[in-house]
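S.K.: model the structure of this input:
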Amino acid sequence: PPPVAGQRPLSYLLDWLRTRQSLARRTPRRAARELRRLDYGDFPARLVFARNVRAMAAIAEATGVPILLLTQPTTYRDQPGAEDLRRYYLTESLVDLGQAPPDVPSLAAGMRAFNATTAALPATPLGHGRPPDPRFVRVLDLAAQVEPSYELFLDECHLTKAGNQAVAARIAGPLAELQGAAPPPSPY
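M.R.: Predicted coordinates:
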């Protein structure tokens, strides 16, 4: 909810933590059945994501503000090893809330589907019927360029210092190129 004058704003993190602790006290922790999904073509969240990516591209193009969209590298694998499963903290948190987590192959397939949506943007027609103008909208397939190693990742998707340095090295050139290719934004 929006903040109210004279009251401290709510912390979504603290609210989540309180809910998690409350559920943990009421519900004994048990291994939940994992959910399996390998086809994300009609997955509602992916469809909303696709719409949002197209909207960001259209806004960037219309306002003359260049953007670089990135695919999301992760450590999800179709055949996870024991080291992977020990590091998948975010997936484990779903079990804490009494929900059935997706299995790791489903997570890997889901990330490929979401990343494919982002990667397809340069060829995707926007509202005006043509793909985005590459002077304003570019996509870098970062997932294909960042090795899914634990030297670069703390868990499923959060980077270590070395991981952040690797990402910075890969996006510096495309960002500079994009900035140089775009004319200054219109004042209107």
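
S.K.: show me where pLDDT drops low in the protein?
M.R.: 1-17, 20-35, 92-100, 182-188 (pLDDT under 70).

S.K.: could you rerun that using 90?
M.R.: Within the chain, the stretches with pLDDT under 90 are 1-45, 64, 80-107, 126-129, 154-156, 178-188.

S.K.: would you list every one of the strands in it?
M.R.: Assigned by DSSP state E, the strands in the chain fall at 67-70, 137-140.

S.K.: out of these, deepest packed?
M.R.: Neighbour counts (mean count of other CB atoms under 10 Å) averaged over each of the strands of the chain peak at strand 137-140, with a mean of 23. (C-beta placed from N, C-alpha, C; glycine too.)

S.K.: how far off centre is it?
M.R.: Once both centres are worked out by CA atoms, centre = their mean, to the nearest Å, strand 137-140 turns out to sit 15 Å from its chain's centre.

S.K.: so what secondary structure elements neighbour that strand?
M.R.: helix 44-63, strand 67-70, helix 161-181 (3 or more CB pairs under 8 Å, 6 or more residues apart in numbering; DSSP states H and E).

S.K.: partners of that strand in the sheet?
M.R.: Strand 137-140 has the following strand partners under DSSP bridges: strand 67-70 (parallel).

S.K.: show residues contacting the partner strand.
M.R.: For strand 67-70, the external contacting residues (CB atoms under 8 Å, 6 or more residues apart in numbering) are 53, 56-57, 60, 118, 121, 136-140, 142, 171, 174-175, 178.

S.K.: kindly recompute the last result at 7 Å.
M.R.: With contacts defined as CB atoms under 7 Å, 6 or more residues apart in numbering, strand 67-70 is touched by 53, 56, 60, 118, 121, 136-140, 142, 171, 174-175, 178.

S.K.: mind exporting the C-alpha coordinates of it to PDB?
M.R.: Only the C-alpha atoms of strand 67-70 are listed here, as PDB (Å, rounded to 0.1, in the frame of the first residue of the first chain):
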ATOM      1  CA  ILE A  67      18.000   1.100 -23.900                       C
ATOM      2  CA  LEU A  68      20.000  -2.100 -23.700                       C
ATOM      3  CA  LEU A  69      17.900  -5.100 -22.700                       C
ATOM      4  CA  LEU A  70      19.800  -8.100 -21.300                       C
END
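
S.K.: returning to what we had before: looking at the helices and strands packed on strand 137-140, which is closest to Asp84?
M.R.: helix 161-181 (15.7 Å; CB to CB).

S.K.: which other helices and strands contact that closest one?
M.R.: Secondary-structure packing of helix 161-181 (3 or more CB pairs under 7 Å, 6 or more residues apart in numbering; DSSP states H and E): strand 67-70, strand 137-140.

S.K.: if we can go back for a sec, just put the strands of the chain in a markdown table and tack on distance to Glu83.
M.R.: Shown next, in a markdown table, are these (distance: least, CB to CB, whole Å):
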| stretch | distance to Glu83 |
| --- | --- |
| strand 67-70 | 26 |
| strand 137-140 | 28 |
